[in-house]
Structures are given as structure tokens and as C-alpha cells.
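Q: Any chance you could fold what I've pasted below:
(one chain, ligands or ions: 1)
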Amino acid sequence: MAKNVVIVGGGHNGLVCACYLAKAGFSVTVLERRDILGGAAVTEEFHPGFRNSVASYTVSLLHPQVIDDLQLHSHGLEILERPINNFLPLPDDNSLTSFPDPVAMQTEVARFSRKDSNQLPVFHDALDSVVQVLKDLMTEIPPKLHGGNIGDLWSLFRVSKKFNRLSLDEKQHLLRLFSSSAGELLDDEFESDPLKALIGFDSIVGHFASPYQSGSAYVLLHHVLGEVNGKPGRWGHARGGMGSITGAMAAQAAALGVQMVTDASVSAIKTDNGKVTCVELKSGESIPANIVVSNVNPKLLFLDLLEEQDVSSTTTEHFRRYKCQSGTFRMNVALSELPRFTAMTPENALTGGIILAPDLDYMDMAYRDALDYGYSRKPVVEMLIPSLVDDSLAPAGAHVASLFCQQFNPNLGSGWKDQKAAAADAIISTVTKYAPNFRSSIIGSKVLSPFDLETEFGLVGGDIFHGRLSLDQLFSARPMLGSGQYATEITNLYMCGAGTHPGGGVSGLPGYNAARKIISDH
Ligand SMILES: Cc1cc2nc3c(=O)[nH]c(=O)nc-3n(C[C@H](O)[C@H](O)[C@H](O)COP(=O)(O)OP(=O)(O)OC[C@H]3O[C@@H](n4cnc5c(N)ncnc54)[C@H](O)[C@@H]3O)c2cc1C
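A: I've put the predicted structure just below:
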């Protein structure tokens, strides 16, 4: 008889894992706490007639292997490329636009610094060689560096072979990217503040830290590992929003016979003799399982869903200290008209991610303010207006925008209930400074503080990646040394969420890797 698998959480990784397992002959049930599948990758109507990707909002990391294997395009998924990568309006009404075409980009940068314009291709070439190796590692099940066996030695050998492809210079560069700060790296490479801001912005996305804090360079790297329609490093938009991705995944899961249940909040995972036996729902129902796969943040799994006596004290202690702290604040706004920026605005500029943070010092200051006051009166904002490339989201002539804002102190916890309105106002004021018609164009909104991200989406500390992307929480150590291979210390209990390798973002890879591990174990 087919082994019965219960997946706790219907986020995109849970759905991906479900598809691969069902295809391999397992009998799979997905239990999702919300009334909608997709986790942080969903499209919702947040104001009458206006729909948006209310949390995660732009695509690049979604792996082509997952797209093909799950036949996402045949289930209606269409990914539209952003005509412009990014647009950085500046306080003096100048602006820097990131064009996909490398020559156009060099010409643009030359307006600020000829030296930087010449350095840009050198910087990208150095990054590309490292990116290729890291991309290869994303589909690897990391070797076990504690308590491993001969298979792990073989895996370690394969990993080191990949690193050995790099020249000495490239290895040195990789080391810098893993250990240094984005600020330090960019100060070494470039002289123009707007260019450093444009590139360095990614180093604080979902990472509550100064761009001058060690480790932030890796976060920057994490954001350039993807591609859109075969074009490396690009970001795009799923027509119909991120819910089209998870909708296509759910359609494939249904076609493979996966049972998906919403409004099914799991309250406990039960074990007997160190082996999983069943999951219990908040409703009181108990569902027997041969195998349980957790799509939720590992902190939730080990500290909330499992009984304390079922987990070793080392593991409990590890997850008490496991860091979850994106520091992100997310607004969705319905707009009666497009924002009109006072800064120089090239054609199509508003189709890119609009970054409001003119230099790295501004990002650093916003972080320091957040430590002192919870958030900065001068917040770091990225605005994306998906309705410019997708007319399915808003009524004709109107628009929706995602405001993804960084450096909002996650440690405020429920204190965000009191601060939320003022923080949202500071964000709106910031955008309005650059585009004076912005405030008056807002006709509806959905605002998510770090606390809302936790209570509504189950993201501990509002962490968009299910755990900080720092060296101590990456690869074989994600989420913990000895459990970085999707299996846990409890027999037949696995993990498949963003808290496992290769981490957060809508990639589908934790789900894909976890499924391969489960299939090989059983
Ligand atoms: C505001 C925001 C913006 C982001 N922007 C981007 C972006 O633009 N591009 C990108 O690639 N990534 C982005 N991300 C990151 C990305 O969305 C996440 O890393 C990714 O979606 C995680 O997927 P997952 O399936 O591992 O987990 P999740 O999506 O978190 O899914 C876990 C699921 O488990 C459910 N769950 C929790 N507890 C229980 C329980 N007890 N019982 C049953 N179900 C439970 C949750 O409701 C949820 O549906 C963003 C995230 C956020 C929050």
C-alpha cells in the first residue's frame, strides 16, 4: 500500500514537495491553516476590484526544473519580464535607471561616473562566475557535516569539486561575498552613491541589518541567483500575481491525486518511540501518517508543534536561538492614477522596482533608527506597480502597487499594533516626497507590519525567509547542523520549507530537494 504522507502547510514548497511525492507513488495530504493555499505566494483582492500579490510579489528564483516538472506553464503560468530592472529617483530630481541591456546600463552609469561605468562589466563578470557555482549547489542535498555516512562524504566531494572549478581569484571573491558587508564590497568597487544604492539595496531585503554589517554581501548574492524565462539575474511578474504560481502548483497537485485541505490548522505532531504517528488539528481531528513533512518555519515545528520531550535539548536550545528577523513592512495600495515622479523618468521606468533610498548611508541610518525607535521616519521603500504590465489586477485606468519596505524592527512584536499606522504614514510621506500626487491617489490599502506577517502568514518574527540568511544558518547548517538534509532527528519527520537549503524566496527548491530525499529514504 502507498505510504501515507501528511504535509503541514500549503505554501509553495509544500505544494512542490507534494507533487513530486505523489508522482513517485506516495499518498499525499496537504494541510493548510489559512483559507487559501500558497503561503506567502498568493494573490488576493485587498480592495473591491483590486487584486495583488499581497506578500511576495516578484519572480526570479522559481527554478526552471520545477516549472518544467510541474508543468506550470500548461496550468496557465505566464511570467512577464520587467521591461526595466530598477528605477532609483534621487532627491535632486536626477535618477538612475537599471536597464536590462548592459550597454544602455553602462551609458546610464557614465552620467554619474565614467570609472564606475567601466568597472560595471568587471563587477558583473566576477559575480557571474560565483553565481554559477552557487546555482549548481541550490539543487544539491547538502552533505551532513555532523554524524554523516559514506553518502555524505561523496556529497562533500561533489560539492568541493564544484568549488574547485573556480580560479584562485574567484575563490577569494566568493570568500569576500560570504564574509564581508555589501557596503564594504561596493565601496571597494564603485565611487557613485546612487549605483551603490541600486546594487546594495538587495543586501538588506529581508535582512534586518545595516548594509555595512558583515554577511550582508551574501544576501545581495541570494537575490541574483535567479532568472526569468532563461534570462539570468532578471526579475519578472507572474500574470495574475504570485497566486498564479501556487494556483498552477495546486492544479498539478490535484491532477496527481494530492488531497489539499484548507482551514486545517495543525496543533501538534505526535510521535511514538521516536517515530511520527499522526498530526492533530486545532479542530481536534487526528490524521494518521507514515511520514510527516513540515513546510512551516523550523522554529514553529520544533518549539510549538512537537512535544518538548520528543525533541533533544540540543535541538530545542538551537531553535530557541535560531534567528528570524527580516524587518520588512509590506503595503498594498489601490491607486486612482499612476504616481508622477518629479525626478527624470525615462520611458518604462515605472515598470521596474522603484527604489527610494538614494545611498547606502540612508539604508544604514534607517537601520539605526529602527533599532532606536522601531522604524525610521526616512524608510527604505521599494515600489512595484504590477498593473503596468498586467491588466488583470485593477480596473481600467487604475493601478495597484506593492510597497516592500525594509528596516522595520521585528523585535517590536505585538508593539507593532500601536506603531503600524504611523509607520505606514511615514512610508506614504516618503513616496509622496518623490511623487507629489501619491498620497491623494490612494483609494484603498492592505498594510502588513512584521507582526501581521507573523499572525496572518505564520512567518515567525515576520521573517520572509523562515530564518536569517547568515552563514550559521545556510547550506548544511540550514536549519541546523545534522538536520540540513531535510530529515530531522525524529524518524519519518522531514522539513521542506524555506527554513531548509537553499532558503527563502519563491524557488520551489526546498520542496524539490526534500521530496528527492524522502523518495530516496523510502
Ligand atoms: C512580504 C514578503 C515579500 C516577499 N517578496 C518576495 C518576492 O518578491 N520574491 C520571492 O521570491 N520571495 C519573496 N518573499 C519570500 C517568499 O515568499 C518566501 O520565502 C516563500 O514564499 C516561502 O515559501 P514556503 O512554502 O517555504 O513557506 P510559506 O509560504 O511561509 O508557507 C508555509 C505555509 O504553512 C502554513 N502554516 C503555518 N503554520 C501552520 C499550521 N500550524 N498548520 C497548517 N499550516 C500552517 C502557512 O499558513 C503557510 O501557508 C517574500 C515574502 C514576504 C512575506
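Q: Return the residues in contact with the residue in the stretch 301-450 of the chain that the ligand sits nearest to.
A: Evaluated by Cβ to the nearest ligand atom, the stretch 301-450 of the chain has Arg330 as its residue closest to the ligand, separated by 4.1 Å. In this view, the C-beta of every residue, glycine as well, is placed from N, C-alpha and C. With contacts defined as Cβ atoms under 8 Å, 6 or more residues apart in numbering, the neighbours of Arg330 are 54-55, 402-405, 447-448, 453.
Q: quick one: it is in a strand?
A: Yes - the assignment for Arg330 is a strand, going by DSSP: H, G, I helix; E, B strand; the rest coil.
Q: If it is in a bridge, with which residues?
A: Each beta-bridge partner of Arg330 is listed here, defined by DSSP bridges: Phe404, Leu448.
Q: What's the separation between it and Phe457?
A: 10 Å (Cβ to Cβ, to the nearest Å).
Q: and for the two, which residues touch both?
A: Taking Cβ under 8 Å, 6+ apart as the contact rule, Arg330 and Phe457 both touch Ala55.
Q: What helices and strands are in contact with the stretch of helix or strand Val276 belongs to?
A: Element membership of Val276 [criterion: DSSP states H and E] is strand 275-281. Taking 3 or more Cβ pairs under 8 Å, 6 or more residues apart in numbering; DSSP states H and E as the contact definition, the neighbouring helices and strands of strand 275-281 are strand 266-272, strand 286-288, strand 291-294.
Q: The last one pairs with which strands, and in what direction?
A: In this case it means strand 291-294. In the sheet containing strand 291-294, the strands it pairs with under DSSP bridges are strand 4-8 (parallel), strand 493-495 (parallel).
Q: Identify whichever of those strands lies nearest to Phe341.
A: Across those, the minimum distance to Phe341, taken as Cβ to Cβ, is reached by strand 493-495, at 43.6 Å.
Q: Would you mind naming what in the stretch 51-200 of the chain lies close to the ligand?
A: Residues of the stretch 51-200 of the chain found near the ligand, taking Cβ under 6 Å from any ligand atom as the criterion, are 55-58, 61.
Q: Just the buried ones out of the residues you listed, please.
A: 55-58, 61 (16 or more other Cβ atoms under 10 Å).
Q: List the buried residues in stretch 475-490.
A: In stretch 475-490, counting by 16+ other Cβ under 10 Å, buried: 475-480, 482-490.
Q: ok, now stretch 201-220?
A: Taking 16+ other Cβ under 10 Å as the neighbour-count basis, stretch 201-220 is seen to contain the buried residues 201-220.
Q: repeat for stretch 174-189
A: When neighbours are counted by 16+ other Cβ under 10 Å, the buried residues of stretch 174-189 are found to be 174, 176-178, 180-186, 189.
Q: Which members of those residues define the maximum pairwise distance?
A: Among the buried residues of stretch 174-189, the pair separated by the greatest distance (Cβ to Cβ) is Leu174 and Gly183, at 18.3 Å.
Q: Run the chain-centre distance for stretch 299-316.
A: Average the C-alpha atoms of stretch 299-316, do the same for its chain, and the two points are 25 Å apart (Cα atoms, centre = their mean, to the nearest Å).
Q: which residues touch that stretch?
A: Outside of stretch 299-316, the residues that reach it under the criterion Cβ under 8 Å, 6+ apart are 8, 266-271, 274, 294, 296, 319-320, 322, 324, 458, 460, 467, 480, 483, 489-490, 495, 499.
Q: Give me every residue in the stretch 301-450 of the chain lying close to the ligand.
A: For the stretch 301-450 of the chain, the residues found near the ligand under the criterion Cβ under 6 Å from any ligand atom are 328, 330, 404.
Q: now these as TSV including pLDDT?
A: Written out in TSV, the entries for those read as follows (pLDDT from 0 to 100):
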residue	pLDDT
Thr328	97
Arg330	98
Phe404	98
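Q: check contacts around Ala126.
A: 169-170, 173 are the contacts of Ala126 under Cβ under 8 Å, 6+ apart.
Q: can I get the CA coordinates of stretch 301-309 in PDB?
A: What follows is stretch 301-309, C-alpha atoms only, in PDB (Å, rounded to 0.1, in the frame of the first residue of the first chain):
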ATOM      1  CA  LEU A 301       8.000  23.000  14.100                       C
ATOM      2  CA  PHE A 302      10.400  22.300  17.000                       C
ATOM      3  CA  LEU A 303       9.100  24.700  19.600                       C
ATOM      4  CA  ASP A 304       5.400  24.600  19.000                       C
ATOM      5  CA  LEU A 305       4.200  21.600  17.100                       C
ATOM      6  CA  LEU A 306       6.400  18.900  18.700                       C
ATOM      7  CA  GLU A 307       6.200  18.000  22.400                       C
ATOM      8  CA  GLU A 308       9.200  19.100  24.300                       C
ATOM      9  CA  GLN A 309      10.000  15.600  25.400                       C
END
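Q: going forward, begin numbering at 292 instead of 1
A: Right, with 292 as the first residue, what we last looked at is stretch 592-600.
Q: What are the buried residues along it?
A: So, applying 16+ other Cβ under 10 Å, buried residues of stretch 592-600: 592-594, 596-597.
Q: tell me the mean pLDDT for it?
A: Summarised as a single mean, pLDDT over stretch 592-600 is 97.
Q: now, which of the buried ones among the residues of the stretch 342-491 of the chain next to the ligand sits nearest Ala541?
A: In terms of Cβ to Cβ, no member of these lies closer to Ala541 than Ser347, at 15.8 Å.
Q: What does that closest one show for phi and psi?
A: phi -60, psi 140 (degrees, to the nearest 10).
Q: measure it to Lys426 for me?
A: With distances taken as Cβ to Cβ, Ser347 is found 20 Å from Lys426.
Q: about what we covered before: out of the residues of the stretch 342-491 of the chain next to the ligand, which are inside helices?
A: Secondary structure from DSSP state H places none of those in helices.
Q: what would those residues look like in TSV with distance to Ile375?
A: Supplementary listing: those in TSV, determined by distance: Cβ to Cβ, whole Å:
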residue	distance to Ile375
Ala346	23
Ser347	20
Tyr348	16
Thr349	13
Leu352	20
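Q: between those, which is closest to Gly704?
A: Proximity of these to Gly704 (Cβ to Cβ) peaks at Ala346, which lies at 18.9 Å.
Q: Skip the chain neighbours and tell me the closest residue to the closest one.
A: Leaving aside its chain neighbours, Ala346 sits nearest to Ala331 (4.2 Å; criterion: Cβ to Cβ, 6 or more residues apart in numbering).
Q: try Asp812
A: Counting by Cβ to Cβ, 6+ apart, Ala778 is the residue found nearest to Asp812 once chain neighbours are left out, at 7.0 Å.
Q: Next one, pLDDT for that neighbour please.
A: Ala778 carries a pLDDT score of 97 in this model.
Q: Would you confirm that it contacts Arg807?
A: No - contact between Ala778 and Arg807 fails when scored by Cβ atoms under 8 Å: they sit 11.9 Å apart.
Q: Which part of the stretch 492-641 of the chain gets nearest to the ligand, residue-wise?
A: Among residues of the stretch 492-641 of the chain, the one nearest the ligand by Cβ to the nearest ligand atom turns out to be Val557. It sits 3.6 Å away.
Q: quick one: pLDDT of that residue?
A: 98.
Q: Same check on Gly438?
A: In this model, Gly438 carries a pLDDT of 78.
Q: can you check Thr605 too?
A: At Thr605 the predicted local confidence, pLDDT, stands at 97.
Q: Neighbours of it, how many?
A: 11 (other Cβ atoms under 10 Å).
Q: ok, now Leu459?
A: Count around Leu459 with other Cβ under 10 Å applied: 7.
Q: Ok, Asp652 next?
A: Counted with other Cβ under 10 Å, residues neighbouring Asp652 total 16.
Q: That one: what's it in contact with?
A: Shown here is Asp652, whose contacts under the criterion Cβ under 8 Å, 6+ apart are Asp484.
Q: what does Gly534 give?
A: Gly534 makes contact with 327, 329, 332-335, 344, according to Cβ under 8 Å, 6+ apart.
Q: Great, nothing more from me.
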